[in-house]
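**Student:** Build me a model from this:
(chains A, B, C and D)
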Number of protein chains: 2
Amino acid sequence: MLRISRLADYALIIAHFLQQQASLISLEAIAEKTNIPLATVRKLLRYLVQHQIVKSVRGARGGYLLAKPGNCISVADIIEAIEGPIALTECANITQSCQCELSPHCHLKEPWQQINQQLHITLKKVKLTDINASVSSTQQVSSDALQTITTIEPLPIEPSPVKID
Amino acid sequence: MLRISRLADYALIIAHFLQQQASLISLEAIAEKTNIPLATVRKLLRYLVQHQIVKSVRGARGGYLLAKPGNCISVADIIEAIEGPIALTECANITQSCQCELSPHCHLKEPWQQINQQLHITLKKVKLTDINASVSSTQQVSSDALQTITTIEPLPIEPSPVKID
DNA sequence: TTCATTCTATACCAAATCAGTATTGATTTT
DNA sequence: AAAATCAATACTGATTTGGTATAGAATGAA
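**Tutor:** Predicted structure coming up:
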């Protein structure tokens, strides 16, 4: 399925939570407040620290905090911290050569890279600060990045422009 | 990983191949030409037929062909035919209620639904006709849907607009 | 009318991935 | 030195995925 892993989903919840904290907060407290199992939070924070999304302070009275302002952390950043590069297909990943055995016969590599780039841009535009805890079920939109989503023009149902092939 | 299944990838290859055929073509021929295992092609064609992307003709001299023009079939259509609804997270799927046990505590449902809708629109815009077999390694872009991808403005690195929260 | 051809449907299995956990170690404060 | 807290690795069970096998149904042609 075209789905981010549950762990990446958790990581976004954690990052979003950290954004609301004024100071250091311990692993244990994060687990408690987010309702995510402790051992899982520990694993996720490791990835987030490694990717400079979160900073950690060791020792007694240590804990975690965001490494940078929430408007400098995107959904894409968090997904990539947990899952590695965003790549809809193996061949869409420009950071490594494609091992797909079909690639000698397949002509879709470049289209996939372009589609993937589009997706990446979309997810990169949505920052932590754009994600506002929705109060009850009221639809509440805040940032440009998410605002445009609801105001985008409807898709053409009939044939699209001529192919330039 | 944020990746479409390999089967969905195969399905796009098959659909793209069918688009280039003038008439009915048999399962066996499709498998041969695309280098995808026969049994796998059989399974995929079943999904594509069920979702009215491909038409089948039974009996001797039967085979498959696209059910509609290539510019009316999107990458999203094909992914959904194979994988079901596109949903980056469980709660992004508006076609069924969310079973995630974190949902009572989680505030990210609506943001995810918006991000997901954006992704869906992106994939819906790319039609089969937009995907042109790339000749060798020459970068070759054809349709508007893919063209815009490369001409999109760079992302702001510094803080984004004020939060309206 | 019968047979070969071709699509249809279901069920199964092995391998890969994922979520979750346990454990031992390192660092800092008191 | 002891307590608190983060770091790193490795393991396991469950789920998903890719791939396959097999029996069945429809159609066209001899």
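
**Student:** A:Lys124 belongs to a helix, doesn't it?
**Tutor:** Yes - A:Lys124: assigned to a helix according to DSSP: H, G, I helix; E, B strand; the rest coil.

**Student:** That one is in contact with A:Cys72, isn't it?
**Tutor:** No - the criterion here is CB atoms under 8 Å, and A:Lys124 misses it with A:Cys72 at 11.3 Å. Every residue, glycine included, has its C-beta placed from N, CA and C.

**Student:** wait, what's in contact with the nearest residue to A:Leu123 once chain neighbours are set aside?
**Tutor:** With sequence-adjacent residues excluded and distances taken as CB to CB, 6 or more residues apart in numbering or on different chains, A:Leu123 is closest to A:Ala76, at 3.8 Å. Neighbouring residues of A:Ala76 by CB atoms under 8 Å, 6 or more residues apart in numbering or on different chains: A:86, A:120, A:123-124, A:126.

**Student:** what about 7 Å?
**Tutor:** A:86, A:120, A:123-124 (CB atoms under 7 Å, 6 or more residues apart in numbering or on different chains).

**Student:** Take the residues you listed and lay them out in CSV including neighbour count and pLDDT.
**Tutor:** Compiled in CSV, the contacts of A:Ala76 are given as follows (neighbours: other CB atoms under 10 Å in any protein chain shown; pLDDT from 0 to 100):
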residue, neighbour count, pLDDT
A:Ile86, 20, 95
A:His120, 22, 93
A:Leu123, 23, 92
A:Lys124, 16, 94
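
**Student:** Pick the one among the residues you listed closest to DNA strand C.
**Tutor:** The closest of those to DNA strand C turns out to be A:Ile86 (CB to the nearest atom of the strand; 12.4 Å).

**Student:** residue contacts, that closest one?
**Tutor:** Taking CB under 7 Å, 6+ apart as the test, what A:Ile86 contacts is A:76, A:79-80, A:116, A:119-120, A:123, B:2.

**Student:** can you narrow the residues you listed to ones near DNA strand C?
**Tutor:** Among these, proximity to DNA strand C is found for none (CB under 7 Å from any atom of the strand).

**Student:** Surely A:Glu83 touches A:Leu123?
**Tutor:** No - look at A:Glu83 against A:Leu123 with CB atoms under 7 Å: they stay out of range, at 11.6 Å.

**Student:** Hmm, A:Tyr47 is touching A:Ile82, no?
**Tutor:** Yes - with contact defined as CB under 7 Å, A:Tyr47 and A:Ile82 form a contacting pair (5.3 Å).

**Student:** Name the residue in those two with the higher neighbour count.
**Tutor:** Neighbour totals were compared for A:Tyr47 and A:Ile82, and A:Ile82 leads with 23 against 19 (other CB atoms under 10 Å in any protein chain shown).

**Student:** Tell me if I am right that the more buried one is in a strand.
**Tutor:** No - counting by three-state DSSP, A:Ile82 is not part of a strand but helix.

**Student:** Tell me which residues are up against stretch A:87-104.
**Tutor:** A:85, A:109, A:112-113, A:115-116, A:119, B:3-4, B:9, B:35.

**Student:** any chance of the residues you listed in a markdown table, with distance to A:Gln19 too?
**Tutor:** Listed next are the contacts of stretch A:87-104 as a markdown table, based on distance: CB to CB, whole Å:
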| residue | distance to A:Gln19 |
| --- | --- |
| A:Pro85 | 24 |
| A:Lys109 | 38 |
| A:Trp112 | 33 |
| A:Gln113 | 32 |
| A:Ile115 | 30 |
| A:Asn116 | 27 |
| A:Leu119 | 24 |
| B:Arg3 | 28 |
| B:Ile4 | 30 |
| B:Asp9 | 36 |
| B:Asn35 | 48 |
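
**Student:** in what helix or strand does the nearest residue to A:Leu38 once chain neighbours are set aside lie?
**Tutor:** Of all residues not flanking A:Leu38 in the chain, A:Ala31 sits nearest, at 4.2 Å (CB to CB, 6+ apart). Assigned by DSSP states H and E, A:Ala31 belongs to helix A:27-34.

**Student:** how about that helix: buried residues?
**Tutor:** By 16 or more other CB atoms under 10 Å in any protein chain shown, the buried positions in helix A:27-34 come out as A:27, A:30-31, A:33-34.

**Student:** Kind regards, and thank you for your time.
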